[in-house]
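K.L.:
What follows is a predicted structure for the sequence shown.
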Amino acid sequence: MNRWTNTALGGCGVAVWVVLTVPTVAEAHAVGVSAKLKDGKVLVEAYFDDDTPAADAKITVSDLAGMMVAEGKTDSKGVWSFPSPPPGKYKVAVDAGAGHRASDSIIIMSAPRPTEKTSPGYPEGTGAGPRPDELVVVSEGPSRSEFTGWQRFAGAAAGIIVIGGGTWLLTRLLRAAKDRPVAGGKA
């Protein structure tokens, strides 16, 4: 073997060692959370990345100072609701057990009076906030469809392409090095 082949094999050995020894985060079954405001209540929905509900998940809502505002558990559909707190920013945390945890920020805005200008997030020029029976998304993170949709597979597909492409390239380079005659040696 020549020096280039030894270097390539040594590099592969280092790469294998790194993959086997460096701890990584495993998210085989991630949990997501989203919140909507309707009829003066905040509806919190907890779900897994395979689009199944996170039933009996513990939910805590706290203000920015860390004071608990509300707590409860999701039903069999992964939904829990609580009365809308005063306007402000809050943190909603979900604990679905077995290390499945997620959190998101929610913003509760006060509906402007008809004589006031509209607040950010409400349709411009309407002079009023949402109707009481209207669902208004108040969470800042991804929606359920974004969290459970096809995009979640994009990272896995990219990884498979990188591994496959890297393997193909390394194989081609090693084969080319093996077939190349060594300078000053036998042909």
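P.N.:
Ah, there it is.
K.L.:
what's the pLDDT at Arg152?
P.N.:
The per-residue pLDDT reported for Arg152 equals 61.
K.L.:
Give me the nearest residue to Thr32, chain neighbours excluded.
P.N.:
Quick fix: residue 32 is Gly, not Thr. Nearest non-adjacent residue to Gly32, counting by Cβ to Cβ, 6 or more residues apart in numbering: Phe147, 3.9 Å away. All C-beta spots, glycine's among them, are computed from the backbone N, C-alpha and C.
K.L.:
next one: Ala35
P.N.:
Counting by Cβ to Cβ, 6+ apart, the residue nearest Ala35 is Ser139, at 4.2 Å.
K.L.:
who touches that neighbour in this structure?
P.N.:
Val33, Ser34, Ala35, Lys36, Val92, Asp104, Ser105, Ile106 (Cβ atoms under 8 Å, 6 or more residues apart in numbering).
K.L.:
Tell me what the second one is bridged to.
P.N.:
What it means is Ser34. Glu45 (DSSP bridges).
K.L.:
Okay, strands next: where are they in the chain?
P.N.:
31-38, 41-48, 58-63, 68-73, 79-83, 88-95, 101-108, 136-137 (DSSP state E).
K.L.:
Next, format these as JSON lines and append mean neighbour count and mean pLDDT.
P.N.:
Converted to JSON lines, the strands of the chain look like this (neighbours: other Cβ atoms under 10 Å; pLDDT from 0 to 100):
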{"stretch": "strand 31-38", "mean neighbour count": "23", "mean pLDDT": "88"}
{"stretch": "strand 41-48", "mean neighbour count": "22", "mean pLDDT": "92"}
{"stretch": "strand 58-63", "mean neighbour count": "18", "mean pLDDT": "95"}
{"stretch": "strand 68-73", "mean neighbour count": "14", "mean pLDDT": "95"}
{"stretch": "strand 79-83", "mean neighbour count": "17", "mean pLDDT": "94"}
{"stretch": "strand 88-95", "mean neighbour count": "18", "mean pLDDT": "93"}
{"stretch": "strand 101-108", "mean neighbour count": "17", "mean pLDDT": "89"}
{"stretch": "strand 136-137", "mean neighbour count": "15", "mean pLDDT": "70"}
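K.L.:
Let's have those strands in JSON lines, adding distance to Thr167.
P.N.:
What follows is the strands of the chain, written out as JSON lines (distance: least, Cβ to Cβ, whole Å):
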{"stretch": "strand 31-38", "distance to Thr167": "33"}
{"stretch": "strand 41-48", "distance to Thr167": "32"}
{"stretch": "strand 58-63", "distance to Thr167": "44"}
{"stretch": "strand 68-73", "distance to Thr167": "47"}
{"stretch": "strand 79-83", "distance to Thr167": "45"}
{"stretch": "strand 88-95", "distance to Thr167": "39"}
{"stretch": "strand 101-108", "distance to Thr167": "35"}
{"stretch": "strand 136-137", "distance to Thr167": "43"}
